[in-house]
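Undergrad: return atomic coordinates for the entry below.
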Amino acid sequence: MDDLHRRLREAAAAHQPDRARILARLERGMTTSPAARSTGTRKARHRIRLGLSWPRLALAALATGAALAAGGLAVGAVVQNSEPRQEAAAGSESSAAGSSPSPSPRSPGSGQPGDTPSPSGTGRPSAPATTPQPGHTSAAPPGGTHTEDGPLWADGSVDPHSNSFWAQSNVTLRTRKPLTALTVELRIAQTGGVRNTGSWQTLPGDDFTISVREDNGVLVYRWTLKSGRTVPVGQHVFAGQYNHTAGGRDAHGDTYRADASTADTKPSVWGDFAPGT
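TA: As a prediction, this is how the structure comes out:
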């Protein structure tokens, strides 16, 4: 028995396991079906029982144990070496997944129409209102018409040379007596785009104080005879000129008034205008 133990120890010490062969056998064993492995194991056991003597059986068992131990170490090393690579690969995948930026939300209003700019005005600028002169008061003439009073007669009309963008309103006076005082007022209703462009009269301009202003949405032209001046007998015209919105303009809202003085009376006349073109 001692001799057997010694021979076993010597055989174990001298044994050099073939690592490649062990791995190949392990791979074959892993790929072989369970039934085939069971059949092969039974055949191997049968051969051992038939062909091996006790010493050889012991040596074979020792060699098999050593081979299995070495194979286990090799498999452990292989598995141990492969696990970090798998973990590293998994870590790389998770890092890549974590570092991939998520789609950022669209900025509010991006590409939306919204940001439509407001349209610029194309109409003409309205004329600034003229400050009324001190002491001048203006009131609309009484309703209806009163075109003749004593020596004074009046008429209002839209000049035939008016067009779709511009108009002239005429106040025509006829007096049978000289006038020592006279105030003529022409009122043009704001029907849209009405803006003063000028005025004129057949009498000398130096004889009158002339003003143009806006009063509660009405363009007001005013001629006042200066002190010491006289309006002679005859027919005289006072005209106001203005732009307006394109198209025919209705002059029904326009009015006029004239207040005068003679040596013995103070006549007043007023009226409106025929529809303009």
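
Undergrad: would you verify that residue 24 is located in a helix?
TA: Yes: Residue 24: assigned to a helix according to DSSP: H, G, I helix; E, B strand; the rest coil.

Undergrad: near it, how many other residues are there?
TA: 11 (other CB atoms under 10 Å). For the C-beta atoms, the positions are set from N, CA and C on the backbone; glycine is no exception.

Undergrad: do residue 161 as well
TA: 9.

Undergrad: quick one, what contacts it?
TA: Neighbour list for residue 161: residue 168 [criterion: CB atoms under 8 Å, 6 or more residues apart in numbering].

Undergrad: how close does it sit to residue 168?
TA: 7 Å (CB to CB, to the nearest Å).

Undergrad: show me where the stretch 151-277 of the chain dips below the pLDDT cut-off.
TA: 274-277 (pLDDT under 70).

Undergrad: can you count the residues close to residue 6?
TA: Counted with other CB under 10 Å, residue 6 comes out at 10.

Undergrad: any buried residues in whichever helix or strand it is part of, and which?
TA: Residue 6 belongs to helix 2-14 when elements are defined using DSSP states H and E. For helix 2-14, burial by neighbour count (16 or more other CB atoms under 10 Å) applies to 8, 11.

Undergrad: and what of stretch 179-197?
TA: 179-191, 193-196.

Undergrad: take those and keep only those in strands.
TA: Mapping these onto strands (DSSP state E) picks out 181-189, 195-196.

Undergrad: and the furthest pair within the residues you listed?
TA: 181 and 195 (30.8 Å; CB to CB).

Undergrad: domain parsing for this protein?
TA: Per automatic domain parsing, the domain ranges recorded for the chain read 2-90, 148-272.

Undergrad: what about the last one, how long is it end to end?
TA: End-to-end distance of domain 148-272: 13 Å, with CA to CA, to the nearest Å as the criterion.

Undergrad: ok, which stretches of the chain are helices?
TA: 2-14, 19-31, 34-51, 54-99 (DSSP state H).

Undergrad: buried residues in stretch 200-214?
TA: So, applying 16+ other CB under 10 Å, buried residues of stretch 200-214: 201, 203, 207-208, 211-214.

Undergrad: just send the residues you listed back as JSON lines, with distance to residue 151 too.
TA: Below are the buried residues of stretch 200-214 laid out as JSON lines (distance: CB to CB, whole Å):
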{"residue": "201", "distance to residue 151": "19"}
{"residue": "203", "distance to residue 151": "17"}
{"residue": "207", "distance to residue 151": "19"}
{"residue": "208", "distance to residue 151": "20"}
{"residue": "211", "distance to residue 151": "26"}
{"residue": "212", "distance to residue 151": "28"}
{"residue": "213", "distance to residue 151": "30"}
{"residue": "214", "distance to residue 151": "33"}
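
Undergrad: list just the nearest of these to residue 21.
TA: Distances from residue 21 to these, taken by CB to CB, are shortest for residue 214, at 116.1 Å.

Undergrad: show me where the stretch 151-277 of the chain has its strands.
TA: 152-158, 166-175, 181-189, 195-201, 208-214, 218-225, 234-243, 255-261, 268-272 (DSSP state E, counting those that start in this stretch).

Undergrad: so which elements touch the fourth one?
TA: Using 3 or more CB pairs under 8 Å, 6 or more residues apart in numbering; DSSP states H and E as the contact criterion, the neighbours of strand 195-201 among helices and strands are strand 208-214, strand 218-225, strand 234-243.

Undergrad: so which of those strands gets nearest residue 10?
TA: That would be strand 234-243 among the helices and strands packed on strand 195-201, by CB to CB, at 130.4 Å.

Undergrad: helices or strands up against the closest one?
TA: strand 166-175, strand 181-189, strand 195-201, strand 218-225.

Undergrad: 6 Å instead, please
TA: strand 166-175, strand 181-189, strand 195-201 (3 or more CB pairs under 6 Å, 6 or more residues apart in numbering; DSSP states H and E).

Undergrad: that strand pairs with which strands?
TA: Strands that pair with strand 234-243, judged by DSSP bridges, come out as strand 166-175 (antiparallel), strand 195-201 (antiparallel).

Undergrad: how many degrees apart are it and strand 152-158 in direction?
TA: 30 degrees (axes from the mean of the first three to the mean of the last three CA atoms, to 10 degrees).
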